[in-house]
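>>> after the sequence you'll find the predicted model.
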Amino acid sequence: MNDTQQILREMVERLFADHVNPPLLAQAEQGIWPGALWRLVEQQGLTRPRVPEEQGGLGCGWDDAFIIVRAAGYHGLPIPLPETIAASWLLSQAGLTSPDGPLTLGGAHPEDRLRLAPGNQGWRLSGTAHRVPWGRAAGSVVLVLGETGNLRIAHAACAGAKIEPGTNLAGEPRDRLSFTDHPVAVAPWPAAFADNPVRTIGAMLRSAQIAGALANALDRSITYANDRYQFGRPIAKQQAVQHDLARLAAEAAAVEVAAETAFLAAERGDPDLLVAAAKIHAGLAVPQATGIAHQVHGAIGFTLEHPLQWATRRLMSWRNEFGGDRQWSVILGRRILDLGADRFWPYLAAQ
Amino acid sequence: MSIFNFAFSPMPPQCEALRAEVRAFLQANGRDWTAASRAQSWDGFDPEFSRKVGAHGWIGMTWPKRYGGGERSALERHVVLEEMLVAGAPVSLHWIADRQSGPLLLRFGTERQRREILPAIARGTLCFCIGMSEPDAGSDVANIRTRAVRTETGWRVTGTKLWTTNAHRAHYMIGLFRTSGAPADRQRGLSQFLVDMTVPGITVRPLPDLAGREHFNEVTFDGALLPSDSLLGQESEGWSQTLAELALERSGPERFLSSIQALIELIRIKAAAASDEDRATIGRLVAQLMTLRRMSLSVAGMLEAKQTPALEAAVVKDLGTGFEQALPETVQSLLGLELDRDHGTELERAMAHLVRMAPAYSLRGGTREILRGIIARGLGLR
Ligand SMILES: Cc1cc2nc3c(=O)[nH]c(=O)nc-3n(C[C@H](O)[C@H](O)[C@H](O)COP(=O)(O)OP(=O)(O)OC[C@H]3O[C@@H](n4cnc5c(N)ncnc54)[C@H](O)[C@@H]3O)c2cc1C
């Protein structure tokens, strides 16, 4: 991490720590949009780190974006910051203008059926996008359509779409958006980058958020184990507890390394394989790690009053959003089998 | 903030040329290796092969040139190691010396020891063994009882070392002995020695392992007389020197690649036709492999920067040995193999070896429980 990244990290950590707290998280889960938090984050430029400076962004790399997204995951930021970072980047890559305000992603859910048709004035979108993060709060959604090699990016305002609300296990909006002859801006997806850029970027974001939330669960568990006395001493002094926490720490470290590596691969322009590895690793780590965090916290951690759940309920959902470990394992496994026994290692070693 | 430091270590550009060189060498020399022999890799003992590796400058790569080293980086060494292990090369003869005995001599040895021994290690002609464990001192290394008593001309050693890998073929042992005090003094009064294994009074008895092979031993010292210059480093500093040695022992790619042939052979037989379950299994294994490799490279980067990543090395070893231990089991269960001890296809014989070796992965070099204790200390829990 270079000096600028260190400064960025301290800045976002302080900003999020100062403004995200249990009352705010509880209100957001009730459906109250944290507008003040959004404005603060947007004013700092954090919503558009991957948009070039001349288009009003920060002009940062994916490695910098990792710092922001991980911190968003650590604090359970109840706004579509990761989604906006990705959507604004997709728009700028496709040469479409990116508006201010919250944006989101769509078109990568396996059940999505979306079609584009030429209208009298530009393109029209019809069909349904499932489980769109923060669909009700976002001004617009960036969707990917078409087949690999012939992908198009569509930018649709959420106003005018039929929005059926849903949430994930942590109460974060995951809405169904239906479009009928909805006017959209469309551009061909220029770069090779990924088989499905929305799915890949989405999975990459979630793996970094998972890394952050795992670090949060670990920090809470360590503090709790040192503070909680049973049998006349901290439970941290019990070897069984120590070893469980060592495992949690190791898993959290591995997910963090995997996620960061995926962002670095995105920076180089070919992230598919490393995003797959990161999302798989995250998916495998989540049940083990959340299990340990809850075990160490005992009954109190199983209540909505205790802050651990802000991390663990998100982890339980994020692991399967934009593809879970099963789906990504099949994708990665197919890639490896195509390479074969004698070529897969040279390929991995070159990553 | 983060408890561990796993900073990304990019491969220096010269690594790719080196990788290509190592691959070409392994291809030329590995024509006769079978899946079953490749599965043995770091237990495979082949003096001619080790000499050739030495001739290419791939042993002691990071050491100073004046001691036969190559003054290359820890990341270049990582490249050589991972290529050797993935190819299943028989590295047992030079392995331990390259990884820990050589660096230990470099750090604590006398000038004469360095000049005489390091170049021979780098040539791939010297085999070393590690004499730490004893019957009553496994995880609790400080409980060792083997004693070295000062005499007019040197040291007289009495006691028993156990599980000493390669003692039956090693030229030297680096042994940890008690030079003063009693076992109750624990870490105090321990010293390291450079032991010439041909000295009279040393008896080596191999103990066949689960796979039926002889590779580790009981070594009995029956009043063996060592010359006075065989003391390695400072008297009574054996404990801190041993900790430095363990950090080297725990950090490399050998801590997750031990059973890699199981994955390679699985990919080989599934390449033609695979189900989604096969793909998912392979995808999960490869995802873990990729992450472990990144973590291990990061540790190599820290070694290169002269840091001591003992905590990070414990994390990589705990995760890595968990991975390499589960791998043969995963492959065996996916393929539903009913293995025969002595017969079978190449794949089956490789698997028969790996399934029986797997329990050792989380024991050797510090058990899983000891590693988790180290990590827990790093977390501030003890
Ligand atoms: C293949 C192989 C090669 C080896 N090669 C060498 C070699 O070359 N040189 C050498 O010196 N040694 C060697 N060893 C020995 C190795 O270092 C020891 O096996 C290891 O340190 C454990 O010691 P032990 O076997 O006596 O088990 P013990 O220490 O008796 O442990 C038995 C079990 O109890 C657990 N345990 C012990 N203490 C604790 C504790 N405080 N908390 C929780 N659990 C605990 C252990 O984790 C383990 O599960 C080798 C071992 C193997 C398997």
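Yes, it's here.

>>> per-residue confidence at the residue of the stretch 101-250 of chain B found nearest the ligand?
The stretch 101-250 of chain B approaches the ligand most closely through residue B:138 (1.8 Å), counting by CB to the nearest ligand atom. All C-beta atoms are positioned from the backbone trio N, CA, C, and that covers glycine. If you check residue B:138, the pLDDT there is 97.

>>> could you pull out the helices for the stretch 51-200 of chain B?
For the stretch 51-200 of chain B, the helices defined by DSSP state H, counting those that start in this stretch cover B:74-87, B:92-96, B:102-108, B:111-122.

>>> any chance of the ones you listed in JSON lines, plus mean neighbour count?
Listed next are the helices of the stretch 51-200 of chain B as JSON lines, based on neighbours: other CB atoms under 10 Å in any protein chain shown:
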{"stretch": "helix B:74-87", "mean neighbour count": "23"}
{"stretch": "helix B:92-96", "mean neighbour count": "25"}
{"stretch": "helix B:102-108", "mean neighbour count": "21"}
{"stretch": "helix B:111-122", "mean neighbour count": "18"}
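
>>> and those helices as a markdown table, adding distance to the ligand and mean pLDDT?
Converted to a markdown table, the helices of the stretch 51-200 of chain B look like this (distance: least, CB to the nearest ligand atom, whole Å; pLDDT from 0 to 100):
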| stretch | distance to the ligand | mean pLDDT |
| --- | --- | --- |
| helix B:74-87 | 16 | 96 |
| helix B:92-96 | 7 | 96 |
| helix B:102-108 | 13 | 96 |
| helix B:111-122 | 16 | 97 |
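
>>> on that earlier part again, separation between the residue of the stretch 101-250 of chain B closest to the ligand and residue B:303?
27 Å (CB to CB, to the nearest Å).

>>> cool, and residue A:66?
Residue A:66 is 25 Å from residue B:303, by CB to CB.

>>> of the two, who's got more company?
residue A:66 (30 against 24; other CB atoms under 10 Å in any protein chain shown).

>>> tell me the contacts of that one?
A:208, A:259-260, A:263 (CB atoms under 8 Å, 6 or more residues apart in numbering or on different chains).

>>> can you redo the helices of the stretch 51-200 of chain B as TSV with distance to residue A:321?
Putting the helices of the stretch 51-200 of chain B into TSV (distance: least, CB to CB, whole Å) gives the following:
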stretch	distance to residue A:321
helix B:74-87	34
helix B:92-96	44
helix B:102-108	46
helix B:111-122	52
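
>>> quick check: which of those is nearest to chain A?
Minimum separation from chain A across these (CB to the nearest CB) falls at helix B:74-87, 5.0 Å.

>>> show me what the closest one packs onto, helices and strands only.
The helices and strands touching helix B:74-87, judged by 3 or more CB pairs under 8 Å, 6 or more residues apart in numbering or on different chains; DSSP states H and E, are helix A:344-349, helix B:14-29, helix B:260-270, helix B:276-304.

>>> for the residue of the stretch 101-250 of chain B closest to the ligand, give its distance to residue B:144.
Taking CB to CB, one finds residue B:138 at 10 Å from residue B:144.

>>> what does residue A:343 give?
Taking CB to CB, one finds residue A:343 at 48 Å from residue B:144.

>>> quick one, what contacts the nearest residue to residue A:121 once chain neighbours are set aside?
Excluding its sequence neighbours, the residue lying closest to residue A:121 (CB to CB, 6 or more residues apart in numbering or on different chains) is residue A:183, at 7.3 Å. By CB under 8 Å, 6+ apart, the residues touching residue A:183 are A:119, A:121-125.

>>> over to residue B:136?
By CB under 8 Å, 6+ apart, the residues touching residue B:136 are B:143-145.

>>> what do you get for residue B:357?
Counting by CB under 8 Å, 6+ apart, residue B:357 has contacts B:43, B:209-211, B:258-259, B:328.

>>> now residue A:262
Contacts for residue A:262 (CB under 8 Å, 6+ apart) come out as A:204, A:207-208, A:271, A:274-275, A:277-278.

>>> swap in 6 Å and give it another go.
Residues near residue A:262 by CB atoms under 6 Å, 6 or more residues apart in numbering or on different chains: A:204, A:271, A:274-275, A:278.

>>> and the least confident of the residues you listed?
Confidence-wise, residue A:271 trails the rest of the contacts of residue A:262, at 93.

>>> pLDDT score assigned to the closest residue in space to that one that isn't next to it in sequence?
The shortest distance from residue A:271 to any non-neighbouring residue, by CB to CB, 6+ apart, is to residue A:265 (4.2 Å). Looking at residue A:265, its pLDDT reads 94.

>>> quick one: buried residues of stretch A:253-273?
For stretch A:253-273, the neighbour count (16 or more other CB atoms under 10 Å in any protein chain shown) marks A:253-267, A:271-273 as buried.
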